[in-house]
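J.: Would you be able to build a 3D model of this:
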Amino acid sequence: MKFGRRAFGKGLTAAGVGALIGRIFKPAPAAAEEQSVANGKWVREQVKKTPIVREVDVLVVGGGSAGVSAAIAAARMGVSTLIVEFFGSLGGNGSNGMVSTFCGITTTGPGSHAVQLVKGIGNDIINKLAELDPAANTTYRSPSYNPETLKRALDQLARDAGLDILYYTQFAEPIMDGSKVIGAIVENKGGRQAILAKRVVDASGDGDLVARAGALFELGDGLGHAAANYQASDLVFLVANAGSEYTGASLVTSAINACSDAELASYRITRKAVISGNIKIPGCFWFNWNNITLDGDKTDPDWLTQAAITGRDSAAGLMRFLNEKVPGMANAKIVGTAPKIGLRESRRVTGDYVFTKDDFLAAAKFDDGIGANAWPLEIVTATGRTFQYLGGDNFYTIPYRCLLPLGLDNVIMAGRFISGTHEALASYRVMGPAMVMGHAAGVAAALAVKEDVDFRHLSVSSVQNELIGQGAFLG
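T.: This is a model prediction of the structure:
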């Protein structure tokens, strides 16, 4: 479905919106007015008039770390901003994925002094967590938190910024004017709805909006749907009633190393590396350990369905291991599995520049850098994790050009699906750099609205200066 440029009427009244809808949606030919009928492998749908429910300056699709950072940034700059999110809270993997720590906030690895790289809005999120829960770790190197606290923190930051939110809303289709993305069709309990926007941010995690708008992308390592390899996916689970002697993943790792291969197989353990931590509640721990060994396209709804089922079944086996093999866990129980599959990789959208492993290894500092990252190349497979670090407090910067999808205008990207190679994604896919990219995308969107220019014609130095003024670290 496409809208023409005339969709951008200013100050429309309710009657004006109705008249506009009448002009845009022409009466369908008689043949198209027939009721939906099955015809071989497809169904002809009846042509519909979709009501325009919002007209905003900036629309952000997806409320994860990247999306919420983008939306807060734009709203704070005084442009009307709406964020749409499938779940009932912001935070993405940090809330609905139950990943209870932010990776990539500081420099890391051998010789590092933990220089903080994620500042600006990312810093505000960490500080708000500490305000709501003084027990939260605010050392910035590896902040940990209760996912429920993160939900409230982001709600409050959004409210204070004057951000408009639509929860329980699924993105369906982009609204196009040639190569320009000028809004989105969404679905929720209110039905099918249209949202028009002067600028759009795709922070969907998988590049859903730009992919459906026609952007070029690769899946996984780019070998094709059937043959593609992806970084492993997990389903986080939450355990309560751990004993006081349980101190974290080190105890689990010791127990795993003491088991024979046959014992590990009986518990369905494929990856000995355990990511775990307390969620600031005594006896409650999160586990990012539940490797989902299903092959397939991570954007395929059938794969996602089976992954959820397999993940819950696998978590039960891991819980049995914890009960039987780990001191202090005999009476512990699973009290929740994440409603969101933890995808480390799906689509990688081709942009104006493709960030590579060589850029990472060189700790490249780009003229159009909009933020810094030093998270290692963390390759997670079905059987293990490997890390390749930058030395000391070195870092690279993320090029603005990586946020611009080739062939599309009026839209900017933020999150793990930005333009980069399969190997390079292993560094910037975590939540710290997602906040960095989101902050930059939101600032760029607000400036593009105010200056009435496309993202490619926006002065990168103006984006950089605004980010620095807002406390971001650019290098």
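
J.: hmm, which helix or strand of the protein has the shakiest average pLDDT?
T.: Taking mean pLDDT, DSSP states H and E as the measure, the chain has helix 14-24 as its least confident helix or strand, at a mean of 40.

J.: quick one, helices of this protein?
T.: Taking DSSP state H as the criterion, the chain contains helices spanning 14-24, 65-76, 121-132, 147-161, 208-212, 249-257, 261-266, 301-325, 357-361, 425-428, 431-451, 460-469.

J.: and of those helices, who's closest to residue 198?
T.: Residue 198 lies closest, by C-beta to C-beta, to one member of the helices of the chain: helix 431-451, at 5.0 Å. (C-beta placed from N, C-alpha, C; glycine too.)

J.: If you count contacts, what does the closest one end up packed against?
T.: For helix 431-451, the contact count by 3 or more C-beta pairs under 8 Å, 6 or more residues apart in numbering; DSSP states H and E identifies strand 52-61, helix 65-76, helix 121-132, strand 191-202, strand 369-373, strand 396-399, strand 411-413, helix 460-469 as packing neighbours.

J.: wouldn't residue 408 be in contact with residue 213 here?
T.: Yes. Counting by C-beta atoms under 8 Å, residue 408 touches residue 213, with 5.6 Å between them.

J.: rewinding a little: ok, and which of the helices of the chain has the densest surroundings?
T.: Mean neighbour count (mean count of other C-beta atoms under 10 Å) peaks for helix 65-76 among those, with a mean of 32.

J.: Now do that helix and strand 52-61, the angle between them.
T.: Here the directions of helix 65-76 and strand 52-61 differ by 120 degrees (axes from the mean of the first three to the mean of the last three C-alpha atoms, to 10 degrees).

J.: need the contact list for the spatially most central residue of the chain.
T.: The structure's the chain has its C-alpha centroid closest to residue 205; by C-alpha atoms, centre = their mean the separation is 3.9 Å. Going by C-beta atoms under 8 Å, 6 or more residues apart in numbering, residue 205 touches 62, 64, 66, 92, 343, 346, 415, 416, 417.

J.: Now do the residue found closest to residue 161 once you drop the neighbours it is linked to in the chain against residue 82, distance only.
T.: With C-beta to C-beta, 6 or more residues apart in numbering as the criterion, residue 161 has its nearest non-adjacent residue at 4.1 Å, and that residue is residue 75. According to C-beta to C-beta, to the nearest Å, residue 75 and residue 82 sit 9 Å apart.

J.: list residues touching both of these two?
T.: Between them, residue 75 and residue 82 share these contacting residues under C-beta under 8 Å, 6+ apart: 58, 163, 164.

J.: my guess is residue 193 meets residue 187, correct?
T.: Yes. Applying C-beta under 8 Å as the test, residue 193 and residue 187 come out as touching, 7.5 Å apart.

J.: about what we covered before: got the helices of the chain as JSON lines, with distance to residue 237 columns?
T.: Conversion of the helices of the chain to JSON lines gives the following (distance: least, C-beta to C-beta, whole Å):
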{"stretch": "helix 14-24", "distance to residue 237": "46"}
{"stretch": "helix 65-76", "distance to residue 237": "21"}
{"stretch": "helix 121-132", "distance to residue 237": "22"}
{"stretch": "helix 147-161", "distance to residue 237": "12"}
{"stretch": "helix 208-212", "distance to residue 237": "26"}
{"stretch": "helix 249-257", "distance to residue 237": "13"}
{"stretch": "helix 261-266", "distance to residue 237": "18"}
{"stretch": "helix 301-325", "distance to residue 237": "4"}
{"stretch": "helix 357-361", "distance to residue 237": "31"}
{"stretch": "helix 425-428", "distance to residue 237": "24"}
{"stretch": "helix 431-451", "distance to residue 237": "19"}
{"stretch": "helix 460-469", "distance to residue 237": "37"}
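
J.: and the nearest residue to residue 191 once chain neighbours are set aside, how far is that from residue 221?
T.: Here the nearest residue to residue 191 in space, its sequence neighbours aside, is residue 51; by C-beta to C-beta, 6+ apart that works out to 8.0 Å. Applying C-beta to C-beta, one obtains 42 Å for the distance of residue 51 from residue 221.

J.: More neighbours: which of the two?
T.: The neighbour count for residue 51 versus residue 221, taken as other C-beta atoms under 10 Å, is higher for residue 221 (17 against 14).

J.: mind checking the backbone torsions on the nearest residue to that one once chain neighbours are set aside?
T.: Of all residues beyond its chain neighbours, the one nearest residue 221 is residue 422 (4.2 Å), with distances taken as C-beta to C-beta, 6+ apart. Backbone dihedrals for residue 422, given as degrees, to the nearest 10, come out at phi -60, psi -40.

J.: OK, contacts around residue 422?
T.: 218, 220, 221, 222, 229, 345, 348.

J.: Which two of the residues you listed have the greatest separation?
T.: The two members of these with the most space between them (C-beta to C-beta) are 229 and 348, at 12.7 Å.

J.: Of residue 193 and residue 187, give the one with the bigger neighbour count.
T.: Taking residue 193 and residue 187 together and counting by other C-beta under 10 Å, residue 193 has the greater number of neighbours (19 against 15).

J.: how near is the more buried one to residue 82?
T.: If you measure residue 193 against residue 82 using C-beta to C-beta, the figure is 11 Å.

J.: shared neighbours, the two?
T.: Between them, residue 193 and residue 82 share these contacting residues under C-beta under 8 Å, 6+ apart: residue 54.

J.: quick revisit: what about residue 229 and residue 348, which has more around it?
T.: With neighbours defined as other C-beta under 10 Å, residue 229 and residue 348 compare such that residue 348 has more, 27 against 14.

J.: So what sits opposite the more buried one in the bridge?
T.: residue 218 (DSSP bridges).

J.: gap between residue 93 and residue 64?
T.: In this view, residue 93 and residue 64 are 6 Å apart by C-beta to C-beta.
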